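K.L.:
Just need the structure, nothing else, for what follows:
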Amino acid sequence: MKHLLILFLGLLFSSNIFAQNVFSVEYENQADLKVFVVKYENQADLKVFKVKYKNQSVRNDGKWFFTEYANQAKKKIYFVKYANQADLKIYFVDYSNQAGWNKKKKKHLLY
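P.N.:
Take a look at the predicted model:
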């Protein structure tokens, strides 16, 4: 029984470690990460799919849930106007199976 409790708690907390729950802030100085949306998929570091429910964004795999409030988010992001201002370049995809990393060297930014 003790082992099951430890396993359950481990799974519960590990699922939130890599959650991609984000909040879009109004000002650059409020952000953890500056993001630029590129025009073409091959220009992106990460292909992002916007999910409808928080529980669909449990890993660092490009499925983002946009929270209603900043304190609910794992990362606060700011959308910049120019690519050279960004920490991360993203491309929004239409289907969840298209989401994922093009350039894994930037993956650490969302941990």
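
K.L.:
how about the nearest residue to Tyr27, chain neighbours excluded?
P.N.:
Among residues not flanking Tyr27 along the chain, Tyr78 sits closest, at 7.1 Å (CB to CB, 6 or more residues apart in numbering). Just so you know, the C-beta spots here come from the backbone N, C-alpha and C atoms, and that holds for glycine as well.

K.L.:
I'd guess that neighbour is in a strand, am I close?
P.N.:
Yes. Tyr78 forms part of a strand when assessed by DSSP: H, G, I helix; E, B strand; the rest coil.

K.L.:
Look at the most centrally placed residue in the chain and report its pLDDT.
P.N.:
In the chain, the C-alpha nearest the mean C-alpha coordinate belongs to Gln20, at 3.5 Å (CA atoms, centre = their mean). We have a pLDDT of 88 for Gln20.

K.L.:
likewise the one 3 residues further on?
P.N.:
What the model reports for Phe23 is a pLDDT of 97.

K.L.:
Tell me how many other residues surround it.
P.N.:
20 (other CB atoms under 10 Å).

K.L.:
all helices for this protein, in order.
P.N.:
Under the criterion DSSP state H, the chain contains helices at 2-17.

K.L.:
and the gap between Tyr95 and Val38?
P.N.:
Distance, Tyr95 to Val38, by CB to CB, to the nearest Å: 18 Å.

K.L.:
if you count what's nearby, which of those two comes out ahead?
P.N.:
Val38 (16 against 7).

K.L.:
for this protein, where's the lowest mean pLDDT among helices and strands?
P.N.:
The helix or strand of the chain with the lowest confidence, counting by mean pLDDT, DSSP states H and E, is helix 2-17 at a mean of 44.

K.L.:
Tell me what the closest residue to Glu41 other than its chain neighbours is bridged to.
P.N.:
Computed as CB to CB, 6+ apart, the closest residue to Glu41 that is not its neighbour in sequence is Tyr91, at 4.9 Å. Counting by DSSP bridges, Tyr91 is bridged to Lys47.

K.L.:
can you pull the contacts of Tyr91?
P.N.:
37-38, 40-41, 43-44, 46-48 (CB atoms under 8 Å, 6 or more residues apart in numbering).
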